[in-house]
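A.B. asks: model this:
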Amino acid sequence: MPDTPFWPRHSPHFLACRRAVRPWDTPAVIGLSGGPDSLALVAAAAAENKNVEAVVVDHGLQENSAQVAQHAADQARALGVDAQVIRVTVAPGNVEAQARTARYAALHEVADRRDVWVGHTADDQAETLLLTALRSHPAGMSPRTGQIVRPMLDLRRADTVGACHELGLDFWDDPMNQDRAYRRVRIRHEVLPLLADILGGDATAPLARAAHQLAATEDFLAPLVAPTTDCSELADDHPALRHRKIAAWLHEMGAAPSASSISDIARLCTDWRGQGPIPVGGGLAVVRRNGQLVALRR
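C.D. replies: Predicted coordinates:
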């Protein structure tokens, strides 16, 4: 803990953030965007004397991105946390997805064997559940996925924003978070408030709990499901197991298939009629050859 506290005596939101990071003790890199979630995470790590470094990834997607990135890094340093800015190039295509890919690649490169902390909250968890459910594959985020650690997954966004206000931190409000062209933004500003109105109370908390349960179930089942490309084996499996094996194989290949894509691939094994390639994202398509599923680069 710092010799001189940088937080006020009464700071309940920041205290919640500090409590959230206490169980995590391994050296880590924190992905810092300058927004309230990641800024509160850096501050909490500093207050709890964690062995962390802040990394600001500048995607270069907005005119003032360099200034925003530098300001975020400066605030981390003022809190006593080492920080650096890394500029990345975002590949063409889906801006959100490509920016995420570039960001995590940069964070993993800096982290090496260290963990990577990100500032996802229960609000992000609820939004993720709704988004993935609309893709026919409902899923939640785990507190840890490999090197990725989400210390504040049980906190609300109100806690991170409140913590920044308590500390007098100048967080960045990304204009993309208000752009209704993005589904997540519409879910945040339109769907969740409507669900709360229908329920007569908070909709985010129960959705986040459901997402947490889904993630815990997936964490338990994943090691028990060995991916395979053998069509005979897959054809004999229960449909639920078949879909899990195919999904596990595709995720190993770096694909992000939809539920409908997995169903189409399953039919290559159960109802083979000479179907053509099935796109699965990530520049890949799946075909059947000699009784095996094969992923081809498109």
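A.B. asks: wouldn't H189 be in contact with R183 here?
C.D. replies: No. Using C-beta atoms under 8 Å, H189 makes no contact with R183, being 11.2 Å away. In this view, the C-beta of every residue, glycine as well, is placed from N, C-alpha and C.
A.B. asks: buried sites along the helix or strand harbouring A99?
C.D. replies: In this structure, A99 sits in helix 95-111 according to DSSP states H and E. Along helix 95-111, these residues count as buried under the neighbour rule (16 or more other C-beta atoms under 10 Å): 98-99, 101-104, 106-107, 111.
A.B. asks: can you check stretch 272-281 too?
C.D. replies: Applying 16+ other C-beta under 10 Å to stretch 272-281 flags 278, 280-281 as buried.
A.B. asks: return the member of those residues nearest to R209.
C.D. replies: G281 (28.9 Å; C-beta to C-beta).
A.B. asks: you'd agree the closest one is up against A255?
C.D. replies: Yes. G281 is within contact range of A255, at 5.1 Å (criterion: C-beta under 8 Å).
A.B. asks: any chance of the buried residues of helix 95-111 in JSON lines, plus pLDDT and distance to H10?
C.D. replies: As requested, the buried residues of helix 95-111 are arranged in JSON lines below (pLDDT from 0 to 100; distance: C-beta to C-beta, whole Å):
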{"residue": "Q98", "pLDDT": "88", "distance to H10": "43"}
{"residue": "A99", "pLDDT": "90", "distance to H10": "38"}
{"residue": "T101", "pLDDT": "90", "distance to H10": "41"}
{"residue": "A102", "pLDDT": "93", "distance to H10": "40"}
{"residue": "R103", "pLDDT": "96", "distance to H10": "35"}
{"residue": "Y104", "pLDDT": "95", "distance to H10": "37"}
{"residue": "A106", "pLDDT": "96", "distance to H10": "38"}
{"residue": "L107", "pLDDT": "97", "distance to H10": "34"}
{"residue": "A111", "pLDDT": "97", "distance to H10": "35"}
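A.B. asks: can you tell me which of those is nearest W249?
C.D. replies: T101 (20.0 Å).
A.B. asks: who touches the closest one in this structure?
C.D. replies: Residues near T101 by C-beta atoms under 8 Å, 6 or more residues apart in numbering: A91.
A.B. asks: so who does the closest residue to R103 other than its chain neighbours touch?
C.D. replies: In space, and not counting its chain neighbours, R103 is closest to V57: 4.6 Å by C-beta to C-beta, 6 or more residues apart in numbering. Applying C-beta under 8 Å, 6+ apart to V57 gives the contacts 31, 33, 69, 85-86, 88, 102-103, 106-107.
A.B. asks: if we use 7 Å, what do you get?
C.D. replies: Shown in contact with V57 (C-beta atoms under 7 Å, 6 or more residues apart in numbering): 31, 86, 88, 103, 106-107.
A.B. asks: bridged to it, which residues?
C.D. replies: On the basis of DSSP bridges, V57 is bridged to I86.
A.B. asks: I'd like the distance between it and V85.
C.D. replies: 8 Å (C-beta to C-beta, to the nearest Å).
A.B. asks: next: A99.
C.D. replies: From A99 to V85 the distance is 16 Å (C-beta to C-beta).
A.B. asks: low-confidence ranges in this protein?
C.D. replies: 1-3 (pLDDT under 70).
A.B. asks: what segments of it are helices?
C.D. replies: 12-21, 36-47, 65-78, 95-111, 122-134, 157-167, 183-186, 192-199, 204-221, 231-236, 239-252, 259-270 (DSSP state H).
A.B. asks: contacts for the shortest one, please.
C.D. replies: The list of residues contacting helix 183-186 from outside it, by C-beta under 7 Å, 6+ apart, reads 127, 131, 177-180.
A.B. asks: out of those, which comes closest to L214?
C.D. replies: L131 (13.0 Å).
A.B. asks: and that closest one, how many neighbours?
C.D. replies: Using other C-beta atoms under 10 Å, L131 has 16 other residues around it.
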